[in-house]
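**Q** the sequence isn't on hand, but the structure is:
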DNA sequence: TATTGTTATACTCTATAACTATA
DNA sequence: TATAGTTATAGAGTATAACAATA
């Protein structure tokens, strides 16, 4: 099982990484954009939790996305320690393009799977990971 | 899907890595032992292919396992460039102990899954990864 | 005191390229 | 010339620890 999950992750990342290259995005960048698009503005801390990564890792990712003009950092008035991370218009547009690419790559990854099988796999993985975000 | 597979892999590796620590094995060491136990002696090249990793990565892994006395490297008479990697008695014993640990961790990872669901997940992942080794 | 974010640093896993010895 | 394995090195992704600003 461990090996299977490693190989599945590897294959998925390989496929998605290659497809996202034209947008100058790594897979983890897309993950952050996805969370922001679905949940709305987040603090870095919230984003890190949603992506199961470290706050210091988050700083780099947010730096990258800010450099590309896809998100903005703004001090929150309610808590001046925290940053509200918000998608820019460009960020929303790039996310939409990445979504389309991801959908296509999804079909590559799951070629030969029926819709039923895709749902089943997804549900089982959600239960395995206990991931309920979206 | 990409995020789910990442999280699933992460969670599985975390659980297995922790459980294998008393045997002084990383998860990838166990992967190599598993292939050797199931397929019998292999060359490093064959092992690398079975584990979807690089030949240079393989050298390190084999070094580690040799240092621990779990495998032997021997020049193959038929092709003196290649090494036959063979489990030692101690290697077989440690593999058996790791198998037992893995089985337990399997139950932790898949807590709440019926046998049927476990089979289904496994089958879907085998198809996704196109992994047919065992 | 505790928490958000930042920085500097280091770790794990993996790959690339140049090499050797065989074929 | 091609391949098995080795070595040195580098990269991606991630984490740890110490810190500044704020709570």
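**A** Here it is on my side, so go on. Here the structure is a predicted model, which is why all the values come from computation and not from measurement.

**Q** tell me if stretch A:81-89 is near DNA strand D.
**A** Yes: residues of stretch A:81-89 are located near DNA strand D by CB under 7 Å from any atom of the strand, namely residue A:81. For every residue, glycine as well, the C-beta is placed using N, CA and C.

**Q** quick one: end-to-end length of that stretch, please.
**A** Using CA to CA, to the nearest Å, one end of stretch A:81-89 lies 25 Å from the other.

**Q** so the one helix or strand residue A:61 maps to, near DNA strand D or not?
**A** Per DSSP states H and E, residue A:61 falls inside helix A:55-67. Yes: residues of helix A:55-67 contacting DNA strand D under CB under 7 Å from any atom of the strand: A:55, A:56, A:57, A:60.

**Q** neighbours of the first one, how many?
**A** When neighbours are counted by other CB atoms under 10 Å in any protein chain shown, residue A:55 registers 12.

**Q** OK, contacts around it?
**A** A:44, A:45, A:48 (CB atoms under 8 Å, 6 or more residues apart in numbering or on different chains).

**Q** so which of those belong to helices?
**A** Under the assignment DSSP state H, the contacts of residue A:55 contribute A:44, A:45, A:48 to helices.

**Q** now stretch A:79-95: buried residues?
**A** Residues of stretch A:79-95 classed as buried: A:83, A:84, A:85, A:87, A:91, A:94, A:95 (neighbour count, 16 or more other CB atoms under 10 Å in any protein chain shown).

**Q** please report how far the last one lies from residue B:56.
**A** Spelled out, it's residue A:95. As judged by CB to CB, to the nearest Å, residue A:95 and residue B:56 stand 38 Å apart.

**Q** residue A:27 too?
**A** 24 Å.

**Q** give me the residue ranges of chain A where confidence is low.
**A** Low-confidence segments of chain A, defined by pLDDT under 70: A:133-134.

**Q** which residue ranges of it form strands?
**A** Using DSSP state E, the strands found in chain A span residues A:42-43, A:71-75, A:83-87.

**Q** next, the angle from the longest helix seen in chain A to helix A:55-67.
**A** Counting by DSSP H, the longest helix found in chain A is helix A:89-109. Put simply, helix A:89-109 runs at 110 degrees to helix A:55-67, going by axes from the mean of the first three to the mean of the last three CA atoms, to 10 degrees.
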